[in-house]
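Asker: my questions concern the predicted model and sequence given below.
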Amino acid sequence: LALEGEGIRRRVAGAVVGTQSSWQDLVRFSDQPNAFLSDRSYKAWQAAEKQVVLRHLDWVVQNQPGLWARATAFGQLTLHRADAARVKVGAHATAYRTTLVFQDSFFPIAARPANVFDQGLQTTVHELIHVADLELTLSTRPEWRAAVERAVADYRAQAPALATEAERIRLSLKLGIVFGYASEDLTEALAELGAFAALEPSMAAGDWAKLNMKAEAFDFLRREVLSAPSGAGAGAAMLAALQHKDAGRVREAYDAYTRVLAQAPS
């Protein structure tokens, strides 16, 4: 990212949300395969790797507790490690429902000194937003489409004619979608822009301004992604719907999704 600035200013953690163990009880490191990600090869977590991820999650708990509440509203997060030599997916980390998978390539970027932003932390937050967006309940909202759909379409139309990555980055910044990856679909746009909105309090003001995020997008992210969910029981209702769907119980799944929609903001 061709940006210059003071770089990320790491904030000293304030008061702990709950006890030190309370949020960590919502995190489980697993060395076993996951049924939904069976095409990947898993490996054992190393203690130092766990500490890197826990440091990022602690940052979220301290600085964006609303996002943490949304990401854990569906229950415990399960974290896996994947062997880069046997994984075809190029992402540093991926998410599926309440499962996060960290690739070998994640840890070198997490060890880099932060310049404009902490890339390892940004990646972790990006994946947590995917969890919060379970079943695309956030990224399909009309307000989100209205905020970013035009910019995404403009990037897709103009980027292929640009010869260099630097030119494409300048275009994505001009359009306010930060990186071209946000143009993949509205779900990736939510996770990508949401991660930078989450990092905003710790970024230098000049660096944040250069991202040129549209006010409508930023307002939606603060209100619907970085704030705690207001509907009590929405997480349990969504999990029930998923369980019925996975079991092939069509009528029960339909009824459960209906209850989820009834609790969604109008």
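Answerer: Received it, and whenever you're ready, just let me know what you need.

Asker: what is the neighbour count of residue 239?
Answerer: When neighbours are counted by other CB atoms under 10 Å, residue 239 registers 18. To be clear about C-beta, it is placed using only N, CA and C from the backbone, and glycine gets the same treatment.

Asker: helix/strand/coil for it?
Answerer: Secondary structure, DSSP: H, G, I helix; E, B strand; the rest coil: residue 239 is helix.

Asker: that one reaches residue 72, doesn't it?
Answerer: No: Residue 239 lies out of contact with residue 72 (CB atoms under 8 Å); the separation is 12.0 Å.

Asker: look up phi and psi at residue 31.
Answerer: Main-chain dihedrals, residue 31, degrees, to the nearest 10: phi -100, psi 10.

Asker: so where is the chain shaky, pLDDT-wise?
Answerer: 1-21, 35-40, 84-91, 231-236, 260-261, 263-266 (pLDDT under 70).

Asker: now do the helices in it.
Answerer: 20-24, 47-63, 65-71, 106-110, 119-132, 142-158, 165-175, 186-199, 205-211, 215-224, 234-246, 250-263 (DSSP state H).

Asker: so which of those helices comes closest to residue 100?
Answerer: If you check each of these against residue 100 by CB to CB, helix 119-132 wins as the nearest, at 5.1 Å.

Asker: OK, contacts around the residue nearest to residue 44 when sequence neighbours are not counted?
Answerer: Leaving aside its sequence neighbours, residue 44 sits nearest to residue 31 (CB to CB, 6 or more residues apart in numbering; 4.6 Å). For residue 31, the contact set (CB atoms under 8 Å, 6 or more residues apart in numbering) comprises 42, 43, 44, 45, 80, 81.

Asker: buried ones among these?
Answerer: Among the contacts of residue 31, those classed as buried by neighbour count (16 or more other CB atoms under 10 Å) are 42, 43, 45, 80, 81.

Asker: isn't the third one up against residue 81?
Answerer: Yes: contact status for residue 45 versus residue 81: in contact at 5.3 Å, counting by CB under 8 Å.

Asker: which one's the longest strand in this protein?
Answerer: Secondary structure assigned by DSSP state E gives strand 77-82 as the longest strand of the chain.

Asker: circling back: between the buried ones among the contacts of residue 31, which is nearest residue 153?
Answerer: Nearest to residue 153 among those, with distances taken as CB to CB, is residue 80, at 34.6 Å.
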